[in-house]
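Asks: After the sequence you'll find the predicted model.
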Amino acid sequence: MSARDSLLTVLAEAASQDPTRMQSAVTQLQQWEATPQFNATLQDIFYDKSIDTNIRWQAIIYLKNGIDKYWRKLAKNAISPEEKAAIRSRLLTALDEEQKPLATQNAVLISKIARFDFPMEWPDLLSTLLEIVRSSTASESDPRARLVQQRSLYTLHLVVKGLISKTLASGRKQFQQAAPELFTNVVNIYVRYVDMLFASNTTNIESLSGCLETSHMALKCLRRVVVHGFPEFSTSEGPVAFFRLALEHLQKFMAFKESIPEQCSFLVTSVDSHIKLIGKFYLDLMDAHPRQFILTPGASDVLRFYWSLLAGDGNEHAAAPAQTTLIQGLQLVKKTLKDPQFILTDKDPEPVVVRCRHIIENEFMTPETTNKLAEILITKYMRLTEDDLEEWDSNPEEWALEDEADSWKYQLRPCAEKVFMDLLSSHRAQLSPLLVQLAGSTANMSDLFLKDSIYCAIGLGSHALYDAIDFDSWLNGQLSQEVQNADSRHTNATSFNVRDSFRLIRRRIAWMIGKWVSVNVSKPARPTVYTIMLHLLRPQEHMAVRLATAQNLKTCIDDWDFEAATFAPFLEQSVHGLKQLMGEVEEPESRMKILSCMSMIVERMDEHIAPFSQQIIEILPPLWHAATDQNLLQSAILVIMTKLIESLKSQSMGLHHMVMPLIRLSVDPTQEAHVYLMEDGFELWLATLKTTSQSTDELMSLVPAAVSLLSEGMDHMRNMLKILQSYLMLDAERTFQVAGPSLINAVAGIVNDGLRSEASVSIMQFMDLAALTCPIRITGDLYISSGLLSKVLSIIMAKKETNVVLTQYLCFLARLAVEDSVYLSNAVASVGQQFGQSGLLPMLIDLWMEKFDNVSHPKYRKLHAMGLTAMLRTTNAAVLEYLPRLVCIWGDVLNEVNENGTGDSLVYWRETQDDEDDNSEETAEVIRRRELLKRDPVHTTNLAQYVKVSIGECERLNGGAEAFQQQWLSKVDPLMLSTLTPLLG
C-alpha cells in the first residue's frame, strides 16, 4: 500500500463516528505529521474531488494545523523547502472548489502561508491572485468563472487580512509597497458591480444577489488596503476618490434599501452589510489616521452626513442595522471630540493639529451643532424606552447587569452616554448652563423618560458640573421628595402604563448619588445620602432599583470623606437590607455585587461591624455551597470572610471552624478551583493568623500545607514566607514540632546563588526570625542535616551576591552566634571539611568584618557586632588575629548609639516600611511581634557590658588577663584601646 493510500485509510478512520477508531487514527496521524511529504500528500488528497467530502475535510484541517506547527524555518521538524515549494505551487489551482466549507478552509490555508512567505518566498502571490480575479471577472457569464471569482476574491480578502496583521515595520512596509496595485484592481471590480447593482432591474433577484456578493467582498478588501496600505492617504489620488465615492455609495445604498420590493426583502441584509462596512471603513480610517481623515477632502461631508442621520433619522425602535449605522455615527463624533491627536498643546502647537481643529470647529462641531448634539443625545438617544421597562420587569437582574456592562461600542444608548461625556468634557463652559437649566426644569416634569435622561446627563457630567449645580440643596429637596414617590401600580404587575412608573427615577437617583458623592456632596449631607439609599434598599422596592442602590451604596462608602461614625446609625439597616436582597437574587454576578458592597461596609466600619457580623456570616455557608462551579463568587466569599476576620480581630477565633475548610480547599493544588481561589485563600489564611490570640489544633494542622507550597518553588514563596513567619510568632516550637524537618528542607531547597536579591533577602529575614523564635537545641541539627548552613556559607564565601544580600545571610549567622557561638564554630568547621577548607572559620570572620560597613541599620549593626564578639570567645589563634579589627567595630557601634541600661534604644525600633505597615493596626500579631522584639538580645543586651564580658571570657580561655594582654591586646592600636575604654565604662 502506498503512503497516499495508507494516509487515505487513516483519514477515513478519523472521519468515522466511532470514538475508538477516531482516537486510533488521531494517534497515527500525530506520529506521521513530522515525516517528509506528509503535508504535501494531505494537500493532494484534499484537491482530489473524487474522494469523500468528510475525508477531504479531515485532510485540509490536518494540513492547516501542520502549517501552524511546522512551516516556520526554525520550527522543530520544519517542512523542507522543497515540500513547501510543491505545496505553494498548487495552492492557487483549487479556486474552483464548489463546496463552500472546503473553499473557506483552502482560503485560510493560503492566507496562513502568505503571512509566512510573502514576499520573500512567494513574490508573485498577489499578482497571480489578482490575475485570477481579473480573468474570472472578464468571463463572468461562465458559471465556473463566476465561482472562481468569488473564491479568489474571498482568498484575497483573507490574504490581505493576514498581511496587515504583521507587526514588524518591515512587514508593514512590504504591504504598503503592494497596496497601490491591489487598490487599483480591486476598486475597479467594486465600482463595476456597484454600478451594475444600481442600474439593475430590482426584480432580477439573481443579478442583484451576484452584484451584492461580489461588491461586498471587494469592499472588505478595499477597507483594509486603504487603511493599512496608504499611511498618507489624504494626499493619494485614488484613496481620496474612493473616500468620496464611499459616501456617495452609502447614500445610494440607504435609498436603494428602501426601494427593495417585498419579494426581494432577503436582500436587505446584504445591503445593510454594505452600509455597515462603509461605516467600518470610515471608523478604521479615523482610528488609524485621525489627522489624515480630517484633512481628506470630503471629510466634513462624511461627518455632516452621519450627523444628519443622528439628528433626523435615529430612533430607539429602528431595526438593528440602522442602529449599527447610528452607533457608527456616534463613534465618529466621539473621535473628533476626544482623539489625542486633535489636542492643541500650550506651547508651539503643530500646524497640522491647528488645521484639524479649525476644520472640526468651523465645518462640523460649531457652537450651534454642539448645543444641538447635546440636546439630541439627552432627548433621543440616552432615553430609556418602554421596551426597557418591560424587559426590566420580566428579568430585572439581567437588565440591571446589562445596563452596567461596558457595551458602548455595540449598543446605542451606552454609546450616546459615552459621546455625551466627551462632549461635555470638551465644551464644559458652553454646555454647563444648558444642563443647569435642564436640571431646573425637572421639578414638575411629567415625562419620566426625559427626566431620567436628564438625570443621567447630570450624573455623567458630575466632574464638569461640580461648581455649577448645588447638589446638596437638590439632594435635600427635590431628590429626597422624589424617592418617596411610589409607582401608581404594583411593581410586579404584568401590564401597566410605564409612564406612571416612578421606579426608573428612584433607580436613577441612587445611580446619580453614586456619581456625585465623591465630587461634591458635603459631610453634613451624608446622612441624607444614607437615608435615601437605605429607603431604596427596602424589600418592597423593585429589584432593579435595589441592585442599583447596592452598587452605588458601595461607592458612597468607598469614598475619601467617608466617616464610620456618621454611617454607624445606618449600619444595621444596611446589613439587613443587603442580606434580604442576597436571599432574593439568583444571578451569580448580582450576588458578587452585593458581596462587594458588604465587603466594603465591613472594611470601612472595622470594629463597628462586630454586633452585626453574625447576620453576614449566616449567609456565607449556603452561598458557598450554591457556588460550587462559580469560582469568582467563591473568591468574593473568601474576600468578605477575610475582611470580617480583620475587623473582628481576636473575636474572629469563633469563626475558625468555618475558615479552616475554606483555606484548606482554596490552597489545595489538587483542587481544580485553586487556580482562582489561591490568592484570596492566602489572604484569608494570613488574616486568620494575624488576628488569632493563640495557636489551635485547627490552625497548626495547616502548617504542612504551607511547607508543601513553599517547597514547590518560587510561585508561592513570598506568600508562604509571610504565613510561616506568622506561625513562628504565634508558636514557633509547636510549628517546628509539626513540620520542622520539612520546613527547613523546603527553605534549603529554594536557597541557591541564582535567586533574585529580593527573594534571598526575604528568605534570610524568615530564617532570622526562625533563629530568634526557636532555640538552637530544636533547630540546630536541622540546619546542618538539611544542608541549609552549607548552602548559606557557600553563597557567602562565593561573594557573587550583592552586599545587601550578603549582609542578610551574615545576619542569620550572627543570630546563631549570639545564641551559641560554639555551635556555629563547630558547624562552620564541619562545612569547611566538606569544602576541603580547614581554615574556613577565619576566612568567614575576615569576610564578615569586610562587609560590616555595608550594614546601615543601627539595630543590625549591633547584631553583627554581637555575633562577631561571640565568635571571639575562642582559643583559635586564627580567629583571635582579628581582634584589632573587632576593636574598631566596637568603637564604631558604641559611638553611634547611646543605649540605656538594659541595652535598648529608640533607634532600634525604627523598622523598615514593611514593619510600619504591620504596625498600622493593633492586631494580636502586632502585639506578639512587639513582645518578641522586647526579648530580642539586640534590645535586651547592653553592648558595652556584652563586650566586657566577652573580653573576660577570652582572657579566661587564653591563660588569664596578663597572658591575653601580652599575646593579643598588645597587637591593638593603643589609641583605639584608649578610645574604647571610656565607652566600655
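Replies: Sure thing, it's come through. Residues are numbered from 1 along each chain as shown.
Asks: Buried residues, stretch 659-675. List them.
Replies: Residues of stretch 659-675 classed as buried: Val659, Met660, Leu662, Ile663, Arg664, Leu665, Ser666, Val667, Asp668, Ala673, His674 (neighbour count, 16 or more other Cβ atoms under 10 Å). The C-beta positions use only the backbone N, C-alpha and C, and glycine is treated the same way.
Asks: The stretch 151-300 of the chain: strands as residue ranges?
Replies: For the stretch 151-300 of the chain, no strands are identified by DSSP state E, counting those that start in this stretch.
Asks: ok, of the buried residues of stretch 659-675, which one's closest to Asn854?
Replies: Checking those against Asn854 with Cβ to Cβ, the nearest one is Val667 at 37.7 Å.
Asks: got the contact list for the closest one?
Replies: The neighbours of Val667, taking Cβ atoms under 8 Å, 6 or more residues apart in numbering as the test, are His674, Leu677, Met678, Gly681, Phe682, Trp685, Ala705, Leu709.
Asks: again, but for Ser136
Replies: Contacts of Ser136 (Cβ under 8 Å, 6+ apart): Ala145, Arg146, Val148, Gln149, Ser152.
Asks: same thing but at 7 Å, please
Replies: Contacts for Ser136 (Cβ atoms under 7 Å, 6 or more residues apart in numbering) come out as Ala145, Val148, Gln149, Ser152.
Asks: Quick one: mean pLDDT over the longest helix seen in the chain.
Replies: The single longest helix within the chain, with elements called by DSSP state H, is helix 717-750. Helix 717-750 carries an average pLDDT of 94.
Asks: Report the buried residues of that helix.
Replies: Across helix 717-750, burial judged by 16+ other Cβ under 10 Å covers 717, 719-732, 734-736, 738-740, 742-750.
Asks: Glu587 reaches Asn395, doesn't it?
Replies: No: the pair Glu587 / Asn395 is not scored as a contact, 9.3 Å apart, by Cβ atoms under 7 Å.
Asks: pLDDT weak spots in the stretch 401-550 of the chain?
Replies: 487-500 (pLDDT under 70).
Asks: helix or strand right after the lowest-mean-pLDDT helix or strand in the chain?
Replies: One helix or strand of the chain scores below all others by mean pLDDT, DSSP states H and E: helix 913-918, with a mean of 42. Per DSSP states H and E, helix 913-918 leads on to helix 924-935 as the next helix or strand towards the C-terminus.
Asks: now what about that next one, what contacts it?
Replies: 649-650, 689-693, 726, 729-730, 772-773, 918-919, 939.
Asks: Closest one of those to Leu303?
Replies: Nearest member of these to Leu303, counting by Cβ to Cβ, is Asp918, at 58.3 Å.
Asks: Pick out the residue nearest the middle of the chain.
Replies: Tyr676 (13.6 Å; Cα atoms, centre = their mean).
Asks: My guess is that one contacts Ser635. True?
Replies: Yes: contact criterion Cβ under 7 Å: Tyr676 and Ser635 qualify, at 5.9 Å.
Asks: who touches both of the two?
Replies: Common neighbours of Tyr676 and Ser635 (Cβ under 7 Å, 6+ apart) do not exist.
Asks: Pro704 is in contact with Ala739, correct?
Replies: Yes: with contact defined as Cβ under 7 Å, Ala739 counts as touching Pro704 (5.1 Å).
Asks: Based on its surroundings, how many neighbours for the closest residue to Arg885 other than its chain neighbours?
Replies: Spatially, and ignoring its direct neighbours in sequence, Arg885 is nearest to Met849 (5.1 Å; Cβ to Cβ, 6 or more residues apart in numbering). Close neighbours of Met849, defined as other Cβ atoms under 10 Å, add up to 16.
Asks: my guess is Met849 contacts Tyr882, does it?
Replies: Yes: using Cβ under 7 Å, Met849 is in contact with Tyr882, at 6.3 Å.
Asks: Mind checking which of the buried residues of stretch 659-675 land in helices?
Replies: Per DSSP H, the buried residues of stretch 659-675 map to helices at Val659, Met660, Leu662, Ile663, Arg664, Leu665, Ser666, His674.
Asks: Include distance to Leu267 and pLDDT when you put the residues you listed into TSV, please.
Replies: TSV is the format used below for those (distance: Cβ to Cβ, whole Å; pLDDT from 0 to 100):
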residue	distance to Leu267	pLDDT
Val659	64	93
Met660	66	94
Leu662	59	93
Ile663	63	94
Arg664	63	93
Leu665	58	92
Ser666	57	93
His674	54	87
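Asks: nearest to Ala12, of the buried residues of stretch 659-675?
Replies: Nearest member of the buried residues of stretch 659-675 to Ala12, counting by Cβ to Cβ, is Ala673, at 41.7 Å.
Asks: Quick one: residues contacting that closest one.
Replies: Asn631, Gln634.
Asks: what are the phi and psi values for it?
Replies: phi -80, psi -10 (degrees, to the nearest 10).
Asks: And it, how close does it get to Ser635?
Replies: As judged by Cβ to Cβ, to the nearest Å, Ala673 and Ser635 stand 9 Å apart.
Asks: could the buried residues of stretch 659-675 go into CSV alongside distance to Cys954?
Replies: Formatted as CSV, the buried residues of stretch 659-675 follow (distance: Cβ to Cβ, whole Å):
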residue, distance to Cys954
Val659, 53
Met660, 52
Leu662, 57
Ile663, 51
Arg664, 53
Leu665, 57
Ser666, 55
Val667, 51
Asp668, 54
Ala673, 61
His674, 56
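Asks: Next, the closest residue to Ser650 other than its chain neighbours: secondary structure please.
Replies: Excluding its sequence neighbours, the residue lying closest to Ser650 (Cβ to Cβ, 6+ apart) is Ser693, at 4.6 Å. Secondary structure state of Ser693, per DSSP: H, G, I helix; E, B strand; the rest coil, is coil.
Asks: how far away is Ser693 from His656?
Replies: For Ser693, the distance to His656 - Cβ to Cβ - is 11 Å.
Asks: again with Arg88
Replies: For Arg88, the distance to His656 - Cβ to Cβ - is 68 Å.
Asks: Which parts of stretch 297-315 count as buried, going by neighbours?
Replies: Ala299, Val302, Leu303, Phe305, Tyr306, Trp307, Leu309, Leu310, Ala311, Gly314.
Asks: Then stretch 35-43?
Replies: For stretch 35-43, by 16+ other Cβ under 10 Å, it's Gln37, Phe38, Asn39, Ala40, Thr41, Leu42, Gln43.
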